[in-house]
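Trainee: I would like the atomic coordinates for the input below:
(3 chains)
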Amino acid sequence: MKLFSSVNDVPDINELVKEALHLKQFPYAYKDLGENKTMALVFLNPSLRTRMSTQKAALNLGMNVMVLNMDKEGWALELRDNVIMNGNTVEHIREAAAVMGQYADIIGVRSFPGLKDRKEDYSEMIFNKFVQFCGVPVVSLESATRHPLQSLADLVTIEELKTRSKPKVVLTWAPHIKPLPQAVPNSFSEWMCRADVDFTITHPKGYELSTDFTKGAKITNNQDEALADADFIYVKNWSAYEPYGKIFPGNEDWMLTNEKLKITNSAKIMHCLPVRRNLELSDEILDGESSIVVHEAANRVWAAQAVLKRMLESLS
Amino acid sequence: MKLFSSVNDVPDINELVKEALHLKQFPYAYKDLGENKTMALVFLNPSLRTRMSTQKAALNLGMNVMVLNMDKEGWALELRDNVIMNGNTVEHIREAAAVMGQYADIIGVRSFPGLKDRKEDYSEMIFNKFVQFCGVPVVSLESATRHPLQSLADLVTIEELKTRSKPKVVLTWAPHIKPLPQAVPNSFSEWMCRADVDFTITHPKGYELSTDFTKGAKITNNQDEALADADFIYVKNWSAYEPYGKIFPGNEDWMLTNEKLKITNSAKIMHCLPVRRNLELSDEILDGESSIVVHEAANRVWAAQAVLKRMLESLS
Amino acid sequence: MKLFSSVNDVPDINELVKEALHLKQFPYAYKDLGENKTMALVFLNPSLRTRMSTQKAALNLGMNVMVLNMDKEGWALELRDNVIMNGNTVEHIREAAAVMGQYADIIGVRSFPGLKDRKEDYSEMIFNKFVQFCGVPVVSLESATRHPLQSLADLVTIEELKTRSKPKVVLTWAPHIKPLPQAVPNSFSEWMCRADVDFTITHPKGYELSTDFTKGAKITNNQDEALADADFIYVKNWSAYEPYGKIFPGNEDWMLTNEKLKITNSAKIMHCLPVRRNLELSDEILDGESSIVVHEAANRVWAAQAVLKRMLESLS
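Mentor: Take a look at the predicted model:
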């Protein structure tokens, strides 16, 4: 594997899930694989889970890890081509990525969208330029429109905890006060559409995701209808795709409560975290038996480790 | 050992001091103990000595180390329960701590007090919530009211350099321009009250520490009286406990000078660092023979290593 | 080797270049050398290449690495002696350096010049105080007036890619919008004056470097004359030495283009990076065949590794 940026980079997602669960059982079985190999984790935005879990995954495989908070420790990056760099940017991504590729065997990159210019965000300019210029395998640590390590961990979690062979999985929009990227719901949706699950998306009118990510999903604006008989409920806020990055007032009643869960099949509640309590998700759910958000976060290690293992295997 | 937050977590402080001195002699003798174990160092505030010495201690024990500057690299933490998170905080400490506990075998946490609300600071809310929710052993890297790794290193230093079996140890208040926490003096005091030393605290009127930390100490407002015949003098500024976090004008003459040391038993001068020269402590002392502040800082490694060794031993 | 701050710390630069090229071939051959040794990388300013390449070099030698962004993670440093620290600085460099020397076997320090006070910058106060007080070997990660790891990597690159035994090497000033330090050109010049090359410096009038660094170099204000028959062209902006830190309007035509290269001996183009495209150096050159800037950056690892290897050998 030379690139992990979306579900499309994975020939067989079930095999990759199996690999992750195997690594969960034998975390240090492949420590020789990463000997003298270096992982660079490049952050253009904050990160807790991705930062720690990917670092841990690389260490489990015997790699060295270098973390670079590009926004704080490095130089302001120029992303556009053919410009005279006489402004605030100090280094072009062409050089920055190429140089990092000289120091690292695998690079992970996190870059959030600006949520201003949809075409630019959905072109994945920053992430793709890293891939184009660095010359080594690249793992997305969440890009403008996708968060594949999260989605893989989500699928691993569902596979681990499902109680019927084809569980009903629901992605439900949740309230928030700020416009958030569509990366997590896009990504979760495209993975679920490829997985052996019965997948439904529910959101208020206006929050339709790009159809590029939702082919095969049932979509409804009726949350109750969606939740009925659900085995897993994935809670997440996102801003509108059209008009891009906007949020609409209201919809506070979309926050999940125990009352709402009554019609589910004792559904387990998932969230990628960080979660705003009592805005996106209620205390009673997060502190109750149905929440599996911490278990899900723990699986981030094995998802990352499965991907890195594949990449290491492809290096030599 | 599952928790290192105060002297009360240590059944036998003399044994722990011995362990630290043993590790100073054989730093790498227990490198197998930390194999495949991960230490997470979580900083909500700046750190130099604690950051480097604890990292080094963990590496000496063969652990992997992940450093997280929570305030800069992660998400703004919500600490209060039962609130609607519709403000600036992005993640609740309940999730953050629980997730970190999934990625680390031992967690170190630094969180300073706000010095506004005494009840809140002295409840050790932040530190205790980390302990409560992370599910793994926790080491204080300085909390609102204590700095036990510092105090252990201080005791190790006294044990190493004392010239009589029960040395006279004096904690003296020193001038400053800003209100500082009581964590270091509280902690030093509660350790000295448990150690085999003759312990005196001296400070201007108004700077009384909480009596919870000073039981057994002699306390005087007469600095000269305190310094007489002292073997070790621990210099430190702190703000008032009542009214909480306040400082009073004057008292500049409390800064130690060589002149003041004449009545001591060739006292050695200690300070936890960082120290403001010529405000808290004079150049002539810091650059002279009596200062052992760098030696003391060096012992931070062995103090941390002794604690981490105990925790690693308790893991399996 | 106990100090690497300038070319004057290297008895035989050709031997050191050979060592670097040897390490490039056998990166992990000396991994035992750094066992249980710790490298501290202390940054008072941003860094990408130096941060990653020196870290990688240390890891290749089996060392542990601790990175400290002093400006963000530690305490504000006081540099002046004999002052009452009642302002914004929290820790004196005397204590900070001494303490770091207790935790690290080798320290790397980056500190840029202020470009306000030439005497202060050229006294290398910050760097020299680190050296003076830390008590362990110190590597410059770029100081106020020199960048020796860069220059060594540059010489390694020239040695690798030269097509005649004594190549013509030209250092040419390039346009910029901000006043930049003289560290890189100073350093490159003093290394080239010691190397077996035919060395010319060219710049507009007013940008004369300190003659302390240029003894033996040909110097001309005629760029074309300098470029004629050149094998390597080192492109770099710098501000004036006199009046110190100033820049003069104009000189935009000093930016290198393919047209200008026609009179060279198929010259290879070097730059220390970061480079501002189409201001310092044109897209057509950076994206063309003549640019070796990424190759040059890659050699930073082997330059650093050669220096660290020498230091490790001198430790025991």
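Trainee: Helices along the stretch 201-316 of chain A, start to end?
Mentor: For the stretch 201-316 of chain A, helices defined by DSSP state H, counting those that start in this stretch occupy the ranges A:223-227, A:258-261, A:283-286, A:293-298, A:300-315.
Trainee: Any idea how far stretch A:46-56 is from the middle of the chain?
Mentor: Remark: stretch A:46-56 is offset 12 Å from the chain centroid, using CA atoms, centre = their mean, to the nearest Å.
Trainee: Output it as CSV, nothing but the C-alphas.
Mentor: Only the C-alpha atoms of stretch A:46-56 are listed here, as CSV (Å, rounded to 0.1, in the frame of the first residue of the first chain):
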residue,chain,number,x,y,z
PRO,A,46,-4.7,20.1,16.3
SER,A,47,-5.0,16.4,17.0
LEU,A,48,-5.3,14.2,20.1
ARG,A,49,-6.4,10.7,19.1
THR,A,50,-4.9,10.7,15.7
ARG,A,51,-1.6,12.0,17.0
MET,A,52,-1.3,9.5,19.9
SER,A,53,-2.8,6.4,18.2
THR,A,54,-0.8,6.7,15.0
GLN,A,55,2.4,7.3,17.0
LYS,A,56,1.6,4.3,19.1
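Trainee: mean confidence score for it?
Mentor: Averaging pLDDT along stretch A:46-56 gives 97.
Trainee: try stretch A:246-253
Mentor: For stretch A:246-253, mean pLDDT is 95.
Trainee: likewise stretch A:127-136?
Mentor: Here the average pLDDT along stretch A:127-136 is 97.
Trainee: quick check, it touching chain C?
Mentor: No. Using CB under 8 Å from any CB of the partner chain, we find that stretch A:127-136 stays clear of chain C, coming within 9.0 Å at best. C-beta: built from backbone N, CA, C; applies to glycine.
Trainee: Contacts only, for A:Ser282.
Mentor: Shown in contact with A:Ser282 (CB atoms under 8 Å, 6 or more residues apart in numbering or on different chains): A:Met255, A:Leu256, A:Thr257, A:Asn258.
Trainee: top of the residues you listed by neighbour count?
Mentor: A:Leu256 (24 neighbours; other CB atoms under 10 Å in any protein chain shown).
Trainee: My guess is it contacts A:Lys236. True?
Mentor: No. Applying CB atoms under 8 Å as the test, A:Leu256 and A:Lys236 come out as separate, 11.0 Å apart.
Trainee: overlap in contacts of the two?
Mentor: With contacts defined as CB under 8 Å, 6+ apart, the residues shared by A:Leu256 and A:Lys236 are A:Thr172, A:Ala174.
Trainee: ok, back up a step: now, among the contacts of A:Ser282, which is nearest to A:Asp105?
Mentor: Distance ranking of those against A:Asp105, using CB to CB, places A:Leu256 first at 42.0 Å.
Trainee: Mind pulling up the pLDDT for that closest one?
Mentor: 95.
Trainee: Show the contacting residues for it.
Mentor: For A:Leu256, the contact set (CB under 8 Å, 6+ apart) comprises A:Thr172, A:Ala174, A:Ile233, A:Val235, A:Ile269, A:Leu281, A:Ser282, A:Ile285.
Trainee: How much space separates it from B:His271?
Mentor: To B:His271, A:Leu256 is 53 Å away according to CB to CB, to the nearest Å.
Trainee: near chain C, which residues of the stretch 101-250 of chain A?
Mentor: Taking CB under 8 Å from any CB as the measure of proximity, the stretch 101-250 of chain A contacts chain C at A:Gln102, A:Tyr103, A:Ala104.
Trainee: can I assume the second one is in contact with C:Lys56?
Mentor: Yes. With contact defined as CB under 8 Å, A:Tyr103 reaches C:Lys56; the gap is 5.2 Å.
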